[in-house]
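# Please find the sequence and the predicted model below.
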Amino acid sequence: MLSFVAQRVVKGVVVLLAIVVLNFFLIRLAPGDPAVVMAGEAGASDQVFVQQLREKFGLDKPVPEQLFIYVKGIATLDLGFSFRQQAPVAKLIAERLPATLLLTLTAFAISLVLGIAFGTFAARFAGTFLDTGITIFALIFYAMPIFWVALMGILLFSVTVDWLPSFGYETVGANLTGFAHVVDVAKHLIMPAMTLGLFFMATYTRMTRASMLEVKRLDFVKTARAKGLSDAVIQRRHVLRNALLPVVTLAGVHAGTLIGGAVITETVFAWPGIGRLMYDALLQRDYNLLLGVFVTCSVMVLIFNLITDLVYRLVDPRIEFAA
């Protein structure tokens with residue numbers, strides 16, 4: 001296993017380097033000049049001041065030289081300096097990453113647990129009203145836009161019944177500590193995590209149901225039933241475990257993309273994560289910050305893909321590690 005992990009890490013580094021180079025040139029192709037934008041906001045748009053800004057932030061150097069400097073910095077874990085925020089990019093991301101991880105991992109856990117549970121019930125009672133109800137429920141949340149679900153959640157649970165806070169990471173000015181602070185953060189987390197989780201829950205529900213129905217038709221399930229095993233044991237030990245492989249594959253893809261894909265949820269609920277940070281950096285033409293967020297999201301995707309491969313072995317011990 002260690003050899004497999006080592007080879008995957010080496011391949012991950014190569015992939016990350018390719019992503020960095022590609023993103024660097026794609027961002028440079030975007031319209032707009034950060035120096036012109038900053039000069040305009042400062043009220044001094046003359047060419048001398050713009051040129052001074054370019055020299056200050058290294059934008060006057062040739063693009064290949066800028067790329068070399070940036071890749072060299074990443075090799076030493078230096079993501080550069082945000083000329084808009086006037087702070088190191090690594091510091092800005094480190095401040096926002098815990099909130100994003102809390103939101104996305106909670107939403108991921110909710111979607112996976114509910115999706116597998118609903119999918120199992122739908123497959124167990126396939127063709128019944130329960131199966132139809134679960135399918136309709138899943139399709140509703142899959143079809144509805146995330147921002148609309150978020151707004152309806154705020155309208156219902158914050159405005160109408162006043163059960164949950166509508167925005168933010170914690171109550172501003174409360175200065176809570178200890179368990180009281182944990183409860184306060186949890187209350188703010190419920191709606192954004194459920195909004196994000198319900199969308200992916202629908203996907204896992206459909207995938208689990210389809211996979212279990214396919215596995216139930218295989219010969220080893222018929223053999224287990226012929227041996228006199230109870231239906232509950234067959235469903236849990238034989239059908240569900242073998243049906244989880246495609247779900248694990250899909251979950252591994254979603255887990256990585258969730259890190260940078262929660263922009264809408266973070267914006268609607270004013271959640272201070274890196275998704276919102278990335279959106280602000282894009283509007284402000286903050287190249288270094290935008291690239292730093294891309295690199296962070298890419299690393300998280302590679303990590304979750306590696307974890308997914310390791311989970312395969314836990315779900316099905318017959319799978320052997322191969323580079």
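That came through fine.
# Please count neighbours and contacts with C-alpha atoms only from this point.
Will do.
# residue ranges for the helices of this protein, please.
Ranges of helices within the chain are 2-29, 34-42, 47-56, 63-75, 89-124, 129-143, 146-153, 178-215, 219-226, 231-233, 241-260, 263-268, 274-283, 287-315, based on DSSP state H.
# worst average pLDDT in these?
Across the helices of the chain, helix 34-42 has the smallest mean pLDDT, namely a mean of 66.
# list the contacts for the nearest residue to Thr106 once chain neighbours are set aside?
In this structure, Thr106 finds its nearest non-sequential neighbour in Ala193, 6.1 Å apart by CA to CA, 6 or more residues apart in numbering. By CA atoms under 8 Å, 6 or more residues apart in numbering, the residues touching Ala193 are Leu103, Thr104, Thr106, Ala107, Ile110.
# Quick check: the fourth one touching Leu189?
Right, the one you point to is Ala107. No: Ala107 is beyond contact range of Leu189, at 9.4 Å (criterion: CA atoms under 8 Å).
# From Lys56, how far out is Asp280?
For Asp280, the distance to Lys56 equals 22 Å [CA to CA, to the nearest Å].
# related to what we said a few turns ago, which of the contacts of Ala193 are buried, as a ChimeraX select command?
Listed next is the ChimeraX selection for buried residues among the contacts of Ala193, using 16 or more other CA atoms under 10 Å:
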select :103,104,106,107,110
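# Let's have the contacts of Ala193 in JSON lines, adding distance to Leu240.
Supplementary listing: those in JSON lines, determined by distance: CA to CA, whole Å:
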{"residue": "Leu103", "distance to Leu240": "28"}
{"residue": "Thr104", "distance to Leu240": "25"}
{"residue": "Thr106", "distance to Leu240": "23"}
{"residue": "Ala107", "distance to Leu240": "22"}
{"residue": "Ile110", "distance to Leu240": "18"}
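# which one of the contacts of Ala193 is nearest Val149?
Comparing these against Val149 with CA to CA places Ala107 closest, at 14.3 Å.
# what residues are up against that closest one?
Contacts of Ala107 (CA under 8 Å, 6+ apart): Ala193, Met194, Thr195, Leu196, Gly197, Leu198.
# hmm, 6 Å instead?
Applying CA atoms under 6 Å, 6 or more residues apart in numbering, we find Ala107 in contact with Ala193, Leu196, Gly197.
# and the nearest residue to Ala99 once chain neighbours are set aside, how many neighbours?
Excluding the flanking residues, the one nearest Ala99 by CA to CA, 6+ apart is Gly273, at 5.4 Å. For Gly273, the neighbour count with other CA atoms under 10 Å is 28.
# Leu29 now?
9.
# Go through the helices of the chain and name the closest to Phe81.
Closest approach to Phe81 among these is made by helix 89-124 (5.3 Å; CA to CA).
# just the angle between that closest one and helix 287-315, please?
40 degrees (axes from the mean of the first three to the mean of the last three CA atoms, to 10 degrees).
# Now do the buried residues in helix 89-124.
By 16+ other CA under 10 Å, the buried positions in helix 89-124 come out as 89-90, 92-93, 96-97, 99-108, 110-112, 114-124.
# same check, this time on stretch 65-82
Neighbour counts over stretch 65-82 (16+ other CA under 10 Å) mark Leu67, Tyr70, Val71, Ile74, Leu79, Gly80, Phe81, Ser82 as buried.
# coming back round to it: need phi/psi at the residue nearest to Ala99.
For Gly273, the backbone dihedrals are phi -110, psi -180 (criterion: degrees, to the nearest 10).
# how many other residues sit next to the residue lying closest to Val293 once chain neighbours are set aside?
Counting by CA to CA, 6+ apart, Met278 is the residue found nearest to Val293 once chain neighbours are left out, at 6.3 Å. By the other CA under 10 Å criterion, the neighbourhood of Met278 contains 21 residues.
# do you know how far Met278 is from Leu156?
Distance of Met278 to Leu156, given as CA to CA: 29 Å.
# what about the nearest residue to Phe81 once chain neighbours are set aside, neighbour count?
Spatial nearest neighbour of Phe81, chain neighbours left out: Pro88 (4.4 Å); criterion: CA to CA, 6+ apart. As a burial measure, Pro88 scores 16 neighbours (other CA under 10 Å).
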